[in-house]
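Undergrad: Build me a structure from this.
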Amino acid sequence: MEKFKFQNGQVVRDKISEFEGTIIGRADYLTGCIQYCLCSKGKRNVKNENIWMDEARLILTNKKTKN
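TA: Numbering: from 1, shown residues only. Now for the predicted structure:
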C-alpha cells in the first residue's frame, strides 16, 4: 500500500483548473489510483463544492484551514 502524499485538512490546488480546497477525504483504489476529495471555501449564501481529484494534479498551498 502506498502512502498518501497529502493529509486530511491540508489546503491544496489543482494545477490545471486552479480549483482550491481543503482535503476532507482520501481514496486508495485497487488500480493504484489515489484521489482526494476537496471542499471549496464557500462564500456567504453559496454552497461549498466537493470534488474528487487525482493526486498527481494537486499541489500543496501555504494556506491553513480554519477550525
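
Undergrad: Scan the chain for its longest strand.
TA: When the chain is parsed with DSSP state E, its longest strand is strand 20-28.

Undergrad: Tell me the buried residues in it?
TA: 20-23, 26 (16 or more other CB atoms under 10 Å). Any C-beta I mention is one placed from the backbone N, CA and C, and that applies to glycine too.

Undergrad: tell me which of the residues you listed is nearest to I59?
TA: When those are compared for distance to I59 (CB to CB), E20 wins out at 9.8 Å.

Undergrad: wait, what's in contact with that closest one?
TA: The contact partners of E20, taken as CB atoms under 8 Å, 6 or more residues apart in numbering, are 11-14, 38, 40-41, 61, 63.

Undergrad: for those residues, which one is nearest E55?
TA: Of the contacts of E20, the one sitting nearest to E55 (CB to CB) turns out to be V12, at 9.5 Å.

Undergrad: C39 and N48 touch, don't they?
TA: Yes - C39 is within contact range of N48, at 5.5 Å (criterion: CB atoms under 8 Å).

Undergrad: between these two, who's got more neighbours?
TA: Comparing C39 with N48 by other CB atoms under 10 Å, the one with more neighbours is C39, at 16 against 12.

Undergrad: and the more buried one, what are its phi and psi?
TA: phi -110, psi 120 (degrees, to the nearest 10).

Undergrad: burial measure for L38, as a count.
TA: Around L38 there are 24 residues (other CB under 10 Å).

Undergrad: Check the gap between it and Q10 for me.
TA: 10 Å (CB to CB, to the nearest Å).

Undergrad: who touches both of those two?
TA: 22-23.
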